[in-house]
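Novice: Give me a model of this one.
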Amino acid sequence: MPEKSTARPRRRFFRNIGATGLAASVTVFGSTESAAAANYGCCSLENYPPNTSWSSCVSQADYIWTCNSGSTRACDCCEANHHPTTGYQLSAGRCYQQ
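Specialist: Numbers count the residues shown, from 1 in each chain. Reported below is the predicted structural model:
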């Protein structure tokens, strides 16, 4: 099992595009609210929409990370119960104003 601090390449990619990716999503979806909802903030969760509570995910977490969705909004993200062939079974996130 990977260490919790190890970020998967997909996560690093989406974290790095941050505001640029959100701006591109706004073009597609028409508003920041719709764009953020389509990707659960900036989390890029494997299961969208999230399929468990934040506390339940954190208690079993394989990965927990924070990302910024624009300059005034941030999200905490969680993936848990990794299975080698089907991926993460649990995903959760919470977004907030900074």
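Novice: Residue 65 touches residue 77, doesn't it?
Specialist: Yes - taking CB atoms under 8 Å as the contact criterion, residue 65 and residue 77 are neighbours in contact, 5.2 Å apart. Yep, even glycine has a C-beta here, placed from its N, CA and C like the rest.
Novice: More neighbours: which of those two?
Specialist: For residue 65 versus residue 77, neighbours defined as other CB atoms under 10 Å are more numerous around residue 77 (26 against 20).
Novice: Is that one located within a helix, as I assumed?
Specialist: No - secondary structure assignment (DSSP: H, G, I helix; E, B strand; the rest coil) places residue 77 in strand, not in a helix.
Novice: ok now do it, which residues does it touch?
Specialist: If a contact means CB atoms under 8 Å, 6 or more residues apart in numbering, then residue 77 has 40-45, 63-67, 92-93 as its contacts.
Novice: Filter these down to the buried ones.
Specialist: Applying 16 or more other CB atoms under 10 Å to the contacts of residue 77, the neighbour count classes 40, 41, 42, 43, 44, 45, 63, 64, 65, 67, 92, 93 as buried.
Novice: For residue 57, state which of those is nearest.
Specialist: Top of the list for closeness to residue 57, among those and by CB to CB, is residue 92 at 3.7 Å.
Novice: what about the nearest residue to the closest one once chain neighbours are set aside, distance to residue 75?
Specialist: Nearest residue to residue 92, sequence neighbours excluded (CB to CB, 6 or more residues apart in numbering): residue 57, at 3.7 Å. Separation of residue 57 from residue 75 (CB to CB, to the nearest Å) stands at 13 Å.
Novice: If you count surrounding residues, which of these two has more?
Specialist: Summary of the neighbour comparison: residue 57 and residue 75, criterion other CB under 10 Å, with residue 57 having more neighbours (27 against 20).
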